[in-house]
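Engineer: make a model of this:
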Amino acid sequence: MTSLTLNGVTVNFPFPPYDCQKDYMNKVIECLQKKVNGVLESPTGTGKTLCLLCATLAWRDHFKDTISARKIAERLGGAEMFPDTPLSSWGTAATDGDKPTFYTDVPKIIYASRTHSQLAQVINELKNSSYRPKVCVLGSREQLCINKEVMSQESNHVKVHMCRAKVSTRSCVFYNNVEEKSTDKELATSILDVEDLVKFGNKQRVCPYYLSRSLKQQADVIFMPYNYLLDPKSRRAHNIELNGAVVIFDEAHNVEKTCEESTSFDLTPYDVTSAISAVDRLLLEQAKEAGRGDSEDFNVESLSSGLKVDITTIAKIKQILLDLEAAIDSYDPGDRGITKPGIFIYELLEKAHVTFSSKTVIYEAVEQISGYLSGQSGLFLNTSGLQKLADIIQLVFCGEPSEKDRQQQMHANTTHFKVHIHRDTSYQMKKQSSDVWAQSSSKKQGNVLSYWCFSPGFSMQDLVSQGVRCIILTSGTLSPLSSFTSEMRIEFPVRLENSHVIERDQIFVSVIDRGPDGVHLSSAFDRRFVPENMASLGNTVANLSRVVPHGLLVFFPSFPLMAKTLDFWRANGHADRIESVKPMFVEPKGKGTFTEVIDGYYNKVNGSESKGATFFAVCRGKASEGLDFADTFGRGVVITGLPFPPKMDPRVVLKMQFLDEMSRKKAPGLKYLSGQEWYRQQAFRAVNQAIGRVIRHKEDYGAIFLCDQRFRNADVRAQLPSWVRPHVRLHDGFGNVVRDVSQFFRVAQKMRPVVEKKAAAETCATECLPETSPSGATSCSSYRGSLAQKAKVLDAHLPSLKRKRLNEHSGANGMARICLEYECEGSESQRRPANLLDALERGDHRSGPDAECLGGEEKAHRLSTLSLQYDKRMDDELRGGKRKIKLVQEQKPSISEEVSEESKATRAKKFLADMKKSLSQVSFDRIVQALQTYKKTDNLDVLLTETAVLTEDTNTHSLLRGFYQFVRPHHKKTFDEKCQELTGQGCGYRPDHSLSKDEKKAAMPKSAADRQPAVGLSSSSACSQLNTQQLNKGGHHLTQQGLREPQAGSAPKNELHATFLADIKKALGAEKSAQLFQAIQCYKKTDNYENLVTTVVSLFTERDENFNLLIRFATFIRPYHKKQYKEMLDALIGQPVSAADVPAVDEEQQREALPSSPLKTQSKISSFFSSSQRR
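Structural biologist: Here you go, the predicted structure:
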């Protein structure tokens, strides 16, 4: 725990805060001390919630300490108790100067967020701090009620009234225990969210709903969704006291919308007819009772059953509803509707006899009728229409003005509103009750009365008028702050646009204005459904899904656009391409199945065999708000367009008109956005919120792809968050995007490996090995008994483990036979992989039935590569001291002299199978990458660091010791000591294990040179140029420079090119082939690799079947660009392409077109033995 002093307040923070966190807490304390409002933007991932809680609670503690200091000073009669610490230093300003204060004056903290799931995250953050205030979470009966009878009701209104009825008659056993259990010690000392409250309620048989209301009285911090705070009806229902309170809105980018919606309503024909039906039902029932002549008894029953209105009042309510329906339907709105000023609502309601004078009587009568009907058993009756009428009366007739002030009050209430009457377009009329009385009302189509608020300032000013101490609005996406605050209509003296905590190498932002096929990308209204645009977007997402590891999020501007685009992709094969790499999950429009879909996505990304998943969502949808896509769950975010609000929607049109009217009025001291500015702001705020899914904490990293050509405009990019703008890249072609983002993830994965918390799952032995993928490790030894079948698969999978079978082929002759015998006459330890890397690299790309049925010459062909592509690289590595393969027939085993060659081969097989079986796929990949690095750099520390994860579980200690056989001799001793230290058991090290191969060779009775004729004997005349004496010395003669002249009859290299170019023409067509050939010619002249790759990737990634051509194209790449090209292939294809794979396709062509030549054969030999060094 770290303590720091900010503005005189000591804040306890769980760890040393970053500078941006200090800035944020400073601003929070400034708001609280000066009693002023603040708007604070801090990007997602900067820990703003924790900062907000710690700063606020530290200030509150300081406030209490100041009161204590004052009281002590009063008792001392003005003398200083601590002469060195005068009273003024205790921060008297915090308690508002000389004003007398008491402990009851310590402000309550009201912390509001959008949803209960977001509040649960906030409460978890509070648990991580050192502060333990008394807390309370307010929720609805829907979330907190545990009475099964109440919860079985269909309508929320019925639940409310049934609950009230049970409480008033004390017939709810859970409510009856509230008073006793509210003082429970566990409850007083715990910090509980909604879920915890429900668990406590079930355990103690006490009502969580009323328990939370009871806790509210003593709570220091009250958590609630912010519609409880902004909606006057909810505020009254929950009895929320705001005077002197500190009000905090987290995730405040939604406050504007919530403010407007909480004070707006739409009264549909269905609402009115359902209300009339309910009142009819009650009238019929009461008329029957009254007709019996037992009026006195009837009234007594009415009182006892809760109905306190007579039949005349019920009839009046029905007449009011009928008059209201007639008044609304008296207008002919046409197709576009009728819009009136806000004050028109009073004129309309007056036609139904609802005025300031009659509002109270009508409201109470409607509430009585609604409550009575909800409490009736039997047939369900919809009372939502009656409830809406009661809500409308409360909203429209707020305030209690005198007769002379009434007109002024009406103007004040409706300044920010418009009345809009339009036809009801929901032709599927909702089924009401089976009550025949309602049939006549429900058949016709009527008008909808909409009363819309267009300024969030209406609700904000209402909060200020309640006497709050200050209001703090905070979020990750509030910019531009000036326009946001102008909408709120209250002063915000304290403002902050915070920077991010991440480094430059953690974020990649690219504007993709064209797809791989060169078609412009745009979600503009005239382009969004153009087939070429949707196809190009599909190609873009398909290719990005190959490059981005793990989870990819794709955001569309709207649900209809997403649905239509996905349908097009399914019909045209784009969806299949994406699905083959990353399974697709689509955000549902309703909330019912959302949890299942998002859980499915999380599980798929977490799967040990999975390459990740793609989640398709909508800006402003659930996935873009508050959901956690940290680390692997969100490595990339694709924005497919700008989500402007629907421009023809009446509410959007009227909002823009309202703002334009207010701007023209130019009221002194007030500045309004123009309608167009607001319209643009809505789109960019939704984009910024979606972008915020990618970076969730300080060590997170990810890529953002802005796939709309409008993002190339500087004024559009200026609307992006301040932490994103410096990193935006404008790429000339799609190939450059692929190249750069591949490099970004390669670096990020090495620098910031993530240990996944997931169980091990069995992985396929014939699967290609990803180059890098961070993960954790799981149990090893418990799986060993089930590996026999796996080892058989592995035997076929790794040719280096099946030398005997390879040598059985008698069809090998000529140079191919040289390859085989050279291999077989090699050191005995070569019968198994020389090291784990050799086994992995040589074997992983040679599996399948084809490998089994190849003859000797074809087998040797497959084992070789076109070393023309890699000779220079191999020379460089050999000169750098890499291991040289020498031909020593009787070399002693490097691990143990007592172990037979067969058992060593079996041991290597079993170790590989054990490791792949026992570890998760990503953990296996991570260790493989460490081995790759060790092979290249000879740095044992890298290997020890990455394999340290195997020390966390005793079951994986044996795996760590198993790596001993693959550690180079000069590291054996160090590795053995490290294993002893970490696992308590060594690897059986002996001094002779540290001998190099040269040292072992020198100790042998016969030199390897004496055995050279044995190799030469098996060669045919075609081998006469091969100097085996030089070959066995294992130097640079293993490269193609050893043989200068090709064998007679060999085809020229350009014949291979001709075959490949013919395939290109067939696949791409004449026009695109010409484009490619022009790029190749340009590359030959200018050596501009970037331009070539941009064109190649664009042409070859449009269709999956052309990826083979992309690999074969490596033959045109110059040697010093090979490494870059291979890395690009690895990233694009989604798995590493080994050095052997790149030319393998070309060699298939060569076998038909070219006889073996000494040059090619020499290349085969050298490339075979250098295959382990090609990465």
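Engineer: switch to C-alpha atoms for all contacts and neighbour counts from now on
Structural biologist: Noted.
Engineer: averaged pLDDT, the helix or strand residue 912 falls within. What do you get?
Structural biologist: Counting by DSSP states H and E, the element that carries residue 912 is helix 901-918. On average, the pLDDT along helix 901-918 is 68.
Engineer: swap in stretch 706-721?
Structural biologist: Averaged across stretch 706-721, the pLDDT comes to 90.
Engineer: what's the first-to-last distance across it?
Structural biologist: 13 Å (CA to CA, to the nearest Å).
Engineer: and what of stretch 497-504?
Structural biologist: Counting by CA to CA, the terminal residues of stretch 497-504 are separated by 19 Å.
Engineer: buried set for that stretch?
Structural biologist: 497-502 (16 or more other CA atoms under 10 Å).
Engineer: among these, which one lies nearest to residue 320?
Structural biologist: Residue 320 lies nearest to residue 497 out of the buried residues of stretch 497-504, by CA to CA, at 52.2 Å.
Engineer: give me phi/psi at the closest one?
Structural biologist: phi -120, psi 100 (degrees, to the nearest 10).
Engineer: same deal with residue 314?
Structural biologist: According to degrees, to the nearest 10, residue 314 has phi -60, psi -40.
Engineer: pretty sure residue 342 is touching residue 418, no?
Structural biologist: Yes - taking CA atoms under 8 Å as the definition, residue 342 is a contact partner of residue 418 at 4.2 Å.
Engineer: count the neighbours of residue 464 for me.
Structural biologist: 16 (other CA atoms under 10 Å).
Engineer: kindly report the same for residue 203.
Structural biologist: Using other CA under 10 Å, residue 203 has 9 neighbouring residues.
Engineer: can you say which helix or strand has it in it?
Structural biologist: Short version, using DSSP H and E: residue 203 is in helix 194-204.
Engineer: could you dump that helix to CSV, C-alpha only?
Structural biologist: Below are the C-alpha coordinates for helix 194-204, written out as CSV (Å, rounded to 0.1, in the frame of the first residue of the first chain):
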residue,chain,number,x,y,z
VAL,A,194,-26.3,-7.1,-5.8
GLU,A,195,-25.4,-10.8,-6.3
ASP,A,196,-23.9,-10.9,-2.8
LEU,A,197,-27.0,-9.3,-1.3
VAL,A,198,-29.2,-12.0,-3.0
LYS,A,199,-27.0,-14.8,-1.6
PHE,A,200,-27.1,-13.2,1.9
GLY,A,201,-30.9,-12.9,1.6
ASN,A,202,-31.4,-16.6,0.6
LYS,A,203,-29.0,-17.7,3.3
GLN,A,204,-30.7,-15.6,6.1
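Engineer: how about the helices in the stretch 451-600 of the chain?
Structural biologist: 457-465, 481-488, 531-547, 559-572, 574-581, 594-606 (DSSP state H, counting those that start in this stretch).
Engineer: am I right that residue 477 is in contact with residue 690?
Structural biologist: No - under the criterion of CA under 8 Å, residue 477 is not in contact with residue 690, lying 9.6 Å apart.
Engineer: which neighbours do these two share?
Structural biologist: Shared contacts of residue 477 and residue 690 (CA atoms under 8 Å, 6 or more residues apart in numbering): none.
Engineer: picking that back up, so what's the gap between the helix holding residue 203 and the chain middle?
Structural biologist: Centre-to-centre, helix 194-204 and its host chain are 30 Å apart (CA atoms, centre = their mean, to the nearest Å).
Engineer: need the contact partners of it.
Structural biologist: Contacts for helix 194-204 (CA under 8 Å, 6+ apart): 116, 120, 137-139, 143-146, 181, 206-208.
Engineer: list the helices and strands the helix or strand residue 922 falls within packs on?
Structural biologist: Residue 922 belongs to helix 921-937 when elements are defined using DSSP H and E. Applying 3 or more CA pairs under 8 Å, 6 or more residues apart in numbering; DSSP states H and E, we find helix 921-937 packed against helix 836-843, helix 940-947.
Engineer: and those, which one averages the lowest pLDDT?
Structural biologist: helix 836-843 (a mean of 38).
Engineer: ranges for the helices of the stretch 1051-1175 of the chain?
Structural biologist: Going by DSSP H, counting those that start in this stretch, the stretch 1051-1175 of the chain shows helices at 1053-1068, 1070-1086, 1089-1100, 1107-1112, 1122-1133, 1141-1153, 1158-1169.
Engineer: average pLDDT across the first one?
Structural biologist: Translated: helix 1053-1068. Mean per-residue pLDDT for helix 1053-1068: 74.
Engineer: ditto for the last one
Structural biologist: Mean pLDDT, helix 1158-1169: 37.
Engineer: show me the contacts for residue 157.
Structural biologist: Shown in contact with residue 157 (CA under 8 Å, 6+ apart): 374, 383-384, 387.
Engineer: which ones among these lie within helices?
Structural biologist: Applying DSSP state H to those, the entries found in helices are 374, 384, 387.
Engineer: buried residues in the longest helix seen in the chain, which are they?
Structural biologist: Secondary structure of the chain per DSSP H: the longest helix is helix 48-75. Of all the residues in helix 48-75, those buried under the rule 16+ other CA under 10 Å are 48-70, 72-73.
Engineer: what packs against it?
Structural biologist: Under the contact rule (3+ CA pairs under 8 Å, 6+ apart), helix 48-75 is packed against strand 9-13, helix 19-34, helix 116-128.
Engineer: 10 Å - rerun?
Structural biologist: strand 2-6, strand 9-13, helix 19-34, strand 109-113, helix 116-128, strand 246-249, strand 470-475 (3 or more CA pairs under 10 Å, 6 or more residues apart in numbering; DSSP states H and E).
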